[in-house]
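K.L.:
Need coordinates for the below:
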Amino acid sequence: MQKILIVDDVPANIKILRELLVGDFELFLATNGEMAVEVAESKLPDLILMDVMMPVMDGITACGILRTKPETAAIPVIFITAKNEVEDMVKGFEVGGVDYVTKPFHPAELNARVRTHLELKASREQLLKSGRQLEHANRQLEDRNDQLNNAIEQLNIAVMTDPLTGLHNRRYMTQAIEQEKLRFKRTQRPFTLVISDIDHFKGVNDNYGHECGDEVLKQVSRTLRGLLRDQDHIARWGGEEFLMMLPETNLKGASAVADRIRLAVAETDTDCSDHGVKVTMTFGVAEFRSIVSVDEIIRNADSALYDGKEAGRNRVVVYQSR
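P.N.:
The predicted structure is shown next:
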């Protein structure tokens with residue numbers, strides 16, 4: 001049941017208002033503005049019928065106080081006035097009153113004004129509630145979008161990442177080379193591919209087990225990544241093969257990088273099963289040229305790698321056109 005606070009210092013007016021409203025609403029009474037503020041704060045009525053002229057505190061002052069308090073600011077106040085109190089009506093609207101009824105009361109008018117402002121208050125509250133629900137739904141939607149975007153990002157990373165070593169995989173590297181090829185067309189700045197292979201890796205697996213072989217792959221990956229620049233790309237190309245792409249680097253520079261990596265790998269121990277395992281690597285280097293395709297430059301680097309293995313392994317070989 002909706003609640004109405006009647007504020008008037010004249011018992012006859014209170015009696016009339018009670019008789020007009022009783023049964024349809026839960027009624028509360030106050031005989032001055034000060035009491036009206038206290039009752040409004042404790043009962044939070046849906047509407048206040050407030051006399052203007054009262055002792056202790058008048059209705060205008062009481063309405064102004066109610067409007068300053070967050071818990072009572074939205075309660076509609078209908079002033080009760082005499083027909084000759086036009087100036088008081090204006091003051092009432094200035095402090096936040098929503099309407100007025102004149103004495104003597106006309107039951108139909110009073111009932112219409114009361115119900116209109118109760119409906120307006122209910123509509124405002126419903127709008128506020130709907131707005132809060134919409135804000136909550138929007139926040140949930142934003143959170144879900146963030147979760148979805150994060151999931152998509154993680155999926156994209158997973159699709160482009162080798163799970164054992166944490167390096168990029170073949171799919172990523174193929175796309176990165178294509179992008180670098182497009183940049184080469186704009187800038188004509190060289191880039192070089194370095195393909196490398198762990199020498200005698202099968203022997204590591206046979207002698208120490210596949211778990212040790214996995215540790216070797218991870219250690220080699222850390223060594224390779226640690227000696228490359230941020231702009232360089234590296235991927236696990238196959239079982240024990242790695243492919244590096246060095247932007248804005250010619251054959252001479254790439255060969256020097258590959259040799260530094262070769263020496264570092266040869267000097268690094270991998271701890272597994274109480275054994276310190278050392279491995280070496282062979283490297284094939286090929287520079288991209290506009291007359292070759294991506295597949296061709298990869299084949300050229302692979303051909304140089306094959307030559308290095310044939311020549312005894314643990315070396316860097318630069319591709320030479322035949």
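
K.L.:
contacts, neighbours, all on C-alpha from now
P.N.:
OK.

K.L.:
okay, S273: pLDDT?
P.N.:
Per-residue pLDDT puts S273 at 68.

K.L.:
is it true that A254 touches M245?
P.N.:
No. A254 is not in contact with M245 according to CA atoms under 8 Å; the separation is 9.2 Å.

K.L.:
Quick check: neighbours shared by the two?
P.N.:
Both A254 and M245 are in contact with T192, L193, V194, where contact means CA atoms under 8 Å, 6 or more residues apart in numbering.

K.L.:
Which ones among the residues you listed map onto strands?
P.N.:
T192, L193, V194 (DSSP state E).

K.L.:
quick one: E248 and F191 touch, right?
P.N.:
Yes. Using CA under 8 Å, E248 makes contact with F191 at a distance of 4.9 Å.

K.L.:
Can you name the element that comes right after the helix or strand of the chain with the lowest mean pLDDT?
P.N.:
Using mean pLDDT, DSSP states H and E, the weakest-scoring helix or strand in the chain turns out to be helix 86-94, at a mean of 78. Moving toward the C-terminus from helix 86-94, the next helix or strand (DSSP states H and E) is strand 99-103.

K.L.:
who's in contact with that following strand?
P.N.:
Residues contacting strand 99-103 (CA under 8 Å, 6+ apart): V77, I78, F79, I80, T81, A82, K83, M89, F93, E109, L110, R113.

K.L.:
Among the residues you listed, name the buried ones.
P.N.:
V77, I78, F79, I80, T81, A82, M89, F93, L110, R113 (16 or more other CA atoms under 10 Å).

K.L.:
For the fifth one, report the pLDDT, please.
P.N.:
Looking at T81, its pLDDT is 83.

K.L.:
Shouldn't it be within a strand?
P.N.:
Yes. Assigned with DSSP: H, G, I helix; E, B strand; the rest coil, T81 falls within a strand.

K.L.:
The residue lying closest to it once chain neighbours are set aside - how many residues pack around it?
P.N.:
Nearest in space to T81, with sequence neighbours left out and distances taken as CA to CA, 6 or more residues apart in numbering, is T102 at 4.9 Å. Using other CA atoms under 10 Å, T102 is surrounded by 16 other residues.

K.L.:
So for T102, what's the pLDDT?
P.N.:
For T102, the model assigns a pLDDT of 84.

K.L.:
try the one 3 residues further on
P.N.:
According to the predicted model, the pLDDT of F105 comes to 83.

K.L.:
hang on, the earlier thing: ok, and for the least confident helix or strand of the chain, which residues are buried?
P.N.:
D88, M89, G92, F93.

K.L.:
closest to L263 among those?
P.N.:
Set against L263, the nearest of the buried residues of helix 86-94 by CA to CA is F93 (88.4 Å).

K.L.:
contacting residues for that closest one?
P.N.:
Taking CA under 8 Å, 6+ apart as the test, what F93 contacts is D99.

K.L.:
try it again with 10 Å
P.N.:
Contact partners of F93, counting by CA atoms under 10 Å, 6 or more residues apart in numbering, are I60, C63, V77, I78, F79, D99, Y100.

K.L.:
Where is pLDDT lowest across these?
P.N.:
If you rank these by pLDDT, Y100 sits at the bottom with 88.

K.L.:
Now do the residue nearest to that residue when sequence neighbours are not counted against I48, distance only.
P.N.:
Of all residues not flanking Y100 in the chain, F79 sits nearest, at 4.5 Å (CA to CA, 6+ apart). Distance of F79 to I48, computed by CA to CA, to the nearest Å: 8 Å.

K.L.:
Repeat that for L305.
P.N.:
L305 is 91 Å from I48, by CA to CA.

K.L.:
what about these two, which has more around it?
P.N.:
L305 (28 against 25).

K.L.:
Return, as residue ranges, the portions of this structure with sub-threshold pLDDT.
P.N.:
Applying pLDDT under 70 to the chain picks out residues 83-86, 273, 322.

K.L.:
now the lengthiest helix in it against strand 99-103, angle please.
P.N.:
Under DSSP state H, the helix in the chain containing the largest number of residues is helix 107-159. If you take axes from the mean of the first three to the mean of the last three CA atoms, to 10 degrees, helix 107-159 sits at 170 degrees to strand 99-103.

K.L.:
moving C-terminal of helix 107-159, what's the next helix or strand?
P.N.:
helix 170-187.

K.L.:
Packing partners of that following helix?
P.N.:
Where contact means 3 or more CA pairs under 10 Å, 6 or more residues apart in numbering; DSSP states H and E, helix 170-187 is packed against helix 107-159, strand 191-198, strand 233-236, strand 241-247, helix 294-310.

K.L.:
May I have that helix as PDB, with CA atoms only?
P.N.:
C-alpha atoms of helix 170-187 as PDB (Å, rounded to 0.1, in the frame of the first residue of the first chain):
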ATOM      1  CA  ARG A 170      55.200 -22.500 -38.200                       C
ATOM      2  CA  ARG A 171      51.800 -20.900 -38.800                       C
ATOM      3  CA  TYR A 172      52.900 -17.600 -37.200                       C
ATOM      4  CA  MET A 173      56.300 -17.600 -38.900                       C
ATOM      5  CA  THR A 174      54.700 -18.100 -42.400                       C
ATOM      6  CA  GLN A 175      52.500 -15.100 -41.800                       C
ATOM      7  CA  ALA A 176      55.300 -13.000 -40.400                       C
ATOM      8  CA  ILE A 177      57.500 -13.700 -43.400                       C
ATOM      9  CA  GLU A 178      54.600 -12.600 -45.700                       C
ATOM     10  CA  GLN A 179      54.300  -9.400 -43.800                       C
ATOM     11  CA  GLU A 180      58.000  -8.700 -44.000                       C
ATOM     12  CA  LYS A 181      57.900  -9.400 -47.700                       C
ATOM     13  CA  LEU A 182      55.200  -6.700 -48.100                       C
ATOM     14  CA  ARG A 183      57.400  -4.300 -46.100                       C
ATOM     15  CA  PHE A 184      60.400  -5.100 -48.300                       C
ATOM     16  CA  LYS A 185      58.400  -4.100 -51.400                       C
ATOM     17  CA  ARG A 186      57.800  -0.600 -49.800                       C
ATOM     18  CA  THR A 187      61.300   0.000 -48.300                       C
END
